[in-house]
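1. what follows is a predicted structure for the sequence shown.
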Amino acid sequence: MTAPRPLSARVHRSGSVFGAAVVLVAAAVWAAHHGLQAATYGDETGSRLAAVWIVTFLLLLSQTIMYHCERPRRVSPRARRQLDALHVAVLLPVYNEDDGYLRLGLQSFLDQTRRPDSVHVVDDGSTSGDYAAVRAWWTRAAAAAGIATTWQRTANGGKRHAQAAGVQASPEADVYVTVDSDSCLAPNALEELLLPFARRRVQSVAGIVLATNHRANLLTRVTDLWFTTGQLTDRSALSAMGAVLVNSGPLAAYRAPVIRDNLGSYLGETFMGRPVMFSDDSLLTLYALLRGRTVQQPSAVVFTALPEKASHFGRMYMRWMRGSTIRSVWRMRYLPLSGWAYWAHLLRWFQVALSTTVLGWLLVVEPLRYGTTPPASFLLVPFLIGWAQALRYLGVIRTDERMRQRAVTWLLMPLAVIGAWTWLRGMRWYGMATCARTGWGTRQNGAEVSLAAAAAPDSPPAPDVDSTLQLAALPIR
């Protein structure tokens with residue numbers, strides 16, 4: 001029986017110029033249309049709405065230009081040799097993880113074109129099993145591959161404490177790579193992830209996150225579309241300025257002092273007198289921002305398991321929104337006013353407040369107080385903008401999926417737009433109001449997604465065409 005080919009994705013920039021042109025044309029049409037329609041409300045209201053559309057168009061225009069300025073980092077042979085000399089340690093916390101996903105992720109370390117120097121697995125007091133078979137296999141496989149490894153089992157203290165145990169076991173590390181236990185790296189992910197560190201100012205690097213189980217059901221398809229498009233627009237725009245605000249848990253790299261020097265505050269973070277159990281990736285990114293540049297490497301790809309049930313997704317997103325509120329307080333307090341990251345963060349909250357206010361005005365205030373309703377085109381244009389930005393999603397080339405299958409998912413963008421404007425928007429504000437609830441809240445009864453249920457990849461078809469892999473906008477976290 002032949003082993004399945006590793007999951008992989010690659011980048012090709014041939015569609016970037018076309019995608020940028022479509023987005024800018026759509027944005028211009030959107031702004032012009034809204035400006036004309038605003039005039040029908042009368043002089044006072046019309047002028048206010050016209051100003052809103054102009055501001056929104058300029059924000060969209062600037063973001064589009066910025067995310068197309070992002071480029072995968074490339075280095076000289078000399079710089080590559082220097083990077084190869086670094087000790088790269090992988091931190092892998094495990095808690096009630098599915099054995100199949102855990103083994104898939106560990107196998108991906110063995111398949112790397114640039115293998116890690118050490119891997120530190122920390123079982124954070126799992127209650128659903130001890131991973132004895134996986135541990136025995138991994139210990140033998142890592143030794144045969146020349147990868148130093150440790151496997152600890154600790155009392156349950158949360159992800160941060162599990163990572164800290166890995167840090168303490170690897171004092172020789174130059175770079176720490178944080179990976180989730182349900183993540184599987186593309187074969188060249190670590191090699192690509194290290195390249196931005198050739199610049200001394202770069203303190204952390206985010207990878208591109210794709211879904212392993214993206215075809216499990218409608219929810220995973222739409223989530224993969226929304227999540228990938230978000231990374232390839234918003235985060236790519238921030239990366240072009242060296243100001244990524246949130247790295248992804250499935251794959252990120254940090255210069256070792258970023259974590260070591262802040263380990264005490266990382267483990268002891270409290271908010272309103274309560275220990276914070278989530279938003280660890282955004283806190284590590286904040287530490288990195290305070291030291292230099294934080295970027296994304298769009299050629300470093302990782303695959304991870306997405307929630308397959310609405311309840312699981314809701315708990316994950318609520319954790320993100322509560323974490324984003326806490327993290328916003330720290331960014332306002334600690335980020336320097338002279339840095340782009342501070343103003344980028346402030347601008348994102350301005351966009352959230354503006355869009356919510358405009359939506360409420362058009363759908364509630366105008367009809368009830370003035371007897372005017374927005375034309376149907378007001379509801380259509382956001383879908384067109386969504387489709388235009390999601391052309392970035394079609395740039396992703398995967399070894400386990402044909403382009404026509406991705407095109408079908410791309411057509412689902414209206415569902416992502418509707419979800420973002422309704423369910424997720426409500427959860428965002430509820431998360432802000434309940435940010436003092438700082439517990440983790442998932443996997444308490446075992447793994448919520450299993451590799452068997454997701455149908456592990458095997459004999460993937462050859463891709464139809466080349467395209468581009470980059471990341472778009474993440475929600476504020």
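-> Alright, I've got the coordinates. Residues are numbered from 1 along each chain as shown.

2. check contacts around the spatially most central residue of the chain.
-> Nearest residue to the geometric centre of the chain (C-alpha atoms, centre = their mean): Ser248, 4.6 Å. Taking C-beta atoms under 8 Å, 6 or more residues apart in numbering as the criterion, Ser248 is in contact with 206-207, 209, 231, 281, 302. Quick note: C-beta positions are derived from backbone N, CA and C, even for glycine.

3. distance check, it against Leu415.
-> 23 Å (C-beta to C-beta, to the nearest Å).

4. now Ala433
-> 26 Å.

5. and the host helix or strand of Ile326, what does it pack onto?
-> Using DSSP states H and E, Ile326 sits within helix 310-334. Packing partners of helix 310-334 (3 or more C-beta pairs under 8 Å, 6 or more residues apart in numbering; DSSP states H and E): helix 218-230, helix 280-289, helix 340-360, helix 423-433.

6. weakest of those in terms of mean pLDDT?
-> Lowest mean pLDDT within these: helix 340-360, at a mean of 86.

7. return the set of buried residues in it.
-> Buried residues in helix 340-360, counted by 16 or more other C-beta atoms under 10 Å: 340-342, 344-345, 348, 351-352, 355, 358.

8. dump whatever helix or strand comes next after that helix to CSV, restricted to CA.
-> Using DSSP H and E, the helix or strand that directly follows helix 340-360 along the chain is helix 377-389. Coordinates of each C-alpha in helix 377-389 appear next as CSV, following Å, rounded to 0.1, in the frame of the first residue of the first chain:
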residue,chain,number,x,y,z
SER,A,377,-28.8,47.5,-5.4
PHE,A,378,-27.5,48.6,-2.0
LEU,A,379,-27.8,45.0,-1.0
LEU,A,380,-26.3,43.6,-4.2
VAL,A,381,-23.1,45.6,-4.3
PRO,A,382,-21.5,44.1,-1.2
PHE,A,383,-21.8,40.7,-2.8
LEU,A,384,-20.1,41.9,-5.9
ILE,A,385,-17.2,43.3,-3.8
GLY,A,386,-17.0,40.1,-1.9
TRP,A,387,-16.8,38.0,-5.1
ALA,A,388,-14.1,40.4,-6.5
GLN,A,389,-12.0,40.1,-3.3
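
9. if you count contacts, what does the next helix or strand along the chain from helix 377-389 end up packed against?
-> Counting by DSSP H and E, the next helix or strand C-terminal to helix 377-389 is helix 391-394. Helix 391-394 sits against helix 16-38, helix 218-230, helix 403-410, with contacts defined as 3+ C-beta pairs under 8 Å, 6+ apart.

10. related to what we said a few turns ago, between the contacts of Ser248, which is nearest Val119?
-> For those, the minimum distance to Val119 (C-beta to C-beta) is 14.9 Å, reached by Val302.

11. what's the burial count for that closest one?
-> For Val302, the tally of surrounding residues (other C-beta atoms under 10 Å) stands at 28.

12. wait, a strand at it?
-> Yes - under DSSP: H, G, I helix; E, B strand; the rest coil, Val302 sits within a strand.

13. list the contacts of it.
-> Counted by C-beta under 8 Å, 6+ apart, Val302 has contacts 179, 183-186, 189, 207-210, 248, 250-251.

14. coming back round to it: would you mind pulling the contact partners of the helix holding Ile326?
-> By C-beta under 8 Å, 6+ apart, the residues outside helix 310-334 that reach it are 219, 223, 245-246, 271, 276, 278-279, 282-283, 286, 290, 306-307, 341-342, 345-346, 349, 424, 427-428, 430-432, 434-435, 437-438, 440-442, 448-449, 475-477.

15. pretty sure Ala288 contacts Tyr254?
-> Yes - the criterion here is C-beta atoms under 8 Å, and Ala288 meets it with Tyr254 at 6.0 Å.

16. tell me, what's touching these two both at once?
-> 203-204.

17. quick check: which ranges of the stretch 151-300 of the chain have low pLDDT?
-> Under the criterion pLDDT under 70, no range of the stretch 151-300 of the chain is flagged.

18. mind listing the strands for it?
-> Along the stretch 151-300 of the chain, the segments classed as strands by DSSP state E, counting those that start in this stretch run 175-178, 183-185, 202-211, 252-255, 270-271, 274-275, 293-304.
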